[in-house]
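1. got a sequence here, can you build the structure:
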Amino acid sequence: MPKHAITAADIIPAAEYAKNRAQMRRDITAKKRNRRIEVGPHVTFYFECYDTMWHQIQEMIYIEKGGAEQIPGELEAYNPLIPNGSELTATFMIEIDDPIRRKRVLDGLGGIEEAAFLRVGGETIKGVAEADQDRTREDGKASSVQFVHFPFTADQIAAFCSPGAEVVIGFNHRNYGHMAIITEAVRAELTTDFG
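-> Numbers count the residues shown, from 1 in each chain. Just a heads-up that it's a prediction; the model follows:
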């Protein structure tokens, strides 16, 4: 059964984390390999879970050296991105190296956080943007980092968890109408987020 929240008791002291950091980074890199998918030329989805968020919090504390005082803020920031058992959650990044091109593309992608979807078993699961803050500015420019939840019904979970199920992820945005089929390895890994 997956865990759905990180508590302060789950966080190990920075000195202990430092001793095992290299191995922990290798472990999380291996786990993340089957939790990412590229959609179109500019967007990559990174599906989050307890392990990815735990590692993110440990890294933030290690890098920023905030100690125990830093933990509550990190838990508040990252716990909402852990799937609750009936959803998938993802960070998606709009990645464009050239700054001039990046600005032009982001200027045309306002509202993209409301346009993400998954399709499985003939049903579409609309993405719900993380509500912590607006990710599209008033002038219509999208943030290059977005957070989205995909809430599933019990039947949709069953369809998603069926070995070999075809799952499509994409956007129905007027300026970014790209889709991709989720590989079987990624689909199988993501089934561990339910329950």
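
2. hang on, Ile125 in a helix?
-> No. Looking at Ile125 with DSSP: H, G, I helix; E, B strand; the rest coil, it is strand, so not inside a helix.

3. how about the nearest residue to it, chain neighbours excluded?
-> What sits nearest to Ile125 in space, not counting adjacent residues and going by CB to CB, 6 or more residues apart in numbering, is Leu118, at 4.4 Å. In short, each C-beta sits where N, CA and C put it, glycine included.

4. list the beta-bridge partners for that neighbour.
-> Taking DSSP bridges as the rule, Leu118 bridges to Ile125, Ile169.

5. would you agree it is in contact with Val128?
-> No. Under the criterion of CB atoms under 8 Å, Leu118 is not in contact with Val128, lying 11.6 Å apart.

6. anything in contact with each of the two?
-> Common contacts of Leu118 and Val128 (CB atoms under 8 Å, 6 or more residues apart in numbering): Phe150.

7. so between the two, which is more surrounded?
-> Legend: neighbour count by other CB atoms under 10 Å for Leu118 and Val128, higher for Leu118 (23 against 16).

8. where in this structure is pLDDT low?
-> Where the chain drops to pLDDT under 70, the residues are 132-135, 137-138.

9. helices of that one, start to end?
-> Secondary structure of the chain by DSSP state H: the helices cover 14-33, 50-64, 67-78, 99-107, 154-161, 184-190.
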